[in-house]
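> missing the sequence, but the structure's below:
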């Protein structure tokens, strides 16, 4: 049974019977993808956790509005994307006000601090985040959540070919950024 069929079955069980286990199944299947999108856009794990939780709650509150239960994954990922963009805007406005008052200096990351495996992963994630939206979200969904280009196009409202082009151009940008970093090292 595909993930889409499982979603449809669990949504129907939840709506008809209020089945808590069906609700838990949906959350378990999609919370990682929702969190991945949120942290990819927000670049702040605690805030991303909060937004992801809000997205999942909102999804269950509005579940009756979902016309095709098999499209739950794309629907909830789109909600995560939109909610994260909104949260980032609010965070930016707040930080801009603080920055005006305190003239906060930008924190730079040195390549020497990135040598162990965790730090290398963090460096790659930072480079992915520098791609901006929706490119960073596409990378996270494709490489970390193993979604297909078709699933990503449905979730983000892009064409399948546009997703493929953004992946190709993003890989090229990442390759160039890594070369620059290694040359500086």
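Here it is on my side, so go on. Just so it is clear, the model here is predicted, and its values are computed rather than measured. Numbering: from 1, shown residues only.

> For residue 46, see how far away residue 63 is.
27 Å (Cβ to Cβ, to the nearest Å). Where you see a C-beta, it was placed from the backbone N, CA and C, and this is true even at glycine.

> Of the two, which one has the most company?
More crowded of residue 63 and residue 46, by other Cβ atoms under 10 Å: residue 63, with 17 against 9.

> Give me the below-cutoff pLDDT ranges for this protein.
4, 92-118, 184-185 (pLDDT under 70).

> Now residue 42: closest residue in space, sequence neighbours ignored.
residue 48 (4.8 Å; Cβ to Cβ, 6 or more residues apart in numbering).

> What's the local residue count around the one you found?
22.

> Could you list every helix and strand in contact with the helix or strand containing it?
Assigned by DSSP states H and E, residue 48 belongs to helix 45-61. Packing contacts for helix 45-61, counted by 3 or more Cβ pairs under 8 Å, 6 or more residues apart in numbering; DSSP states H and E, involve helix 20-42, helix 72-102.

> Would you format these as a markdown table with distance to residue 170 and mean neighbour count included?
Below are the helices and strands packed on helix 45-61 laid out as a markdown table (distance: least, Cβ to Cβ, whole Å; neighbours: other Cβ atoms under 10 Å):
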| stretch | distance to residue 170 | mean neighbour count |
| --- | --- | --- |
| helix 20-42 | 12 | 20 |
| helix 72-102 | 16 | 16 |
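
> nearest to residue 150, of those helices?
helix 72-102 (9.6 Å; Cβ to Cβ).

> okay, the angle between the helix or strand just after the closest one and helix 20-42?
Sequence order places helix 117-130 as the next helix or strand after helix 72-102, per DSSP H and E. With axes from the mean of the first three to the mean of the last three Cα atoms, to 10 degrees defining the directions, helix 117-130 sits at 80 degrees from helix 20-42.

> let's number from 13 now, not from 1
Understood, numbering begins at 13; the last thing we discussed is helix 129-142.

> got a list of contacts for the helix or strand just after helix 129-142?
Using DSSP H and E, the helix or strand that follows helix 129-142 towards the C-terminus is helix 147-151. With Cβ atoms under 8 Å, 6 or more residues apart in numbering as the test, helix 147-151 has contacts from 49, 52-53, 93, 140-143, 164, 168, 175, 178-179, 181-182.
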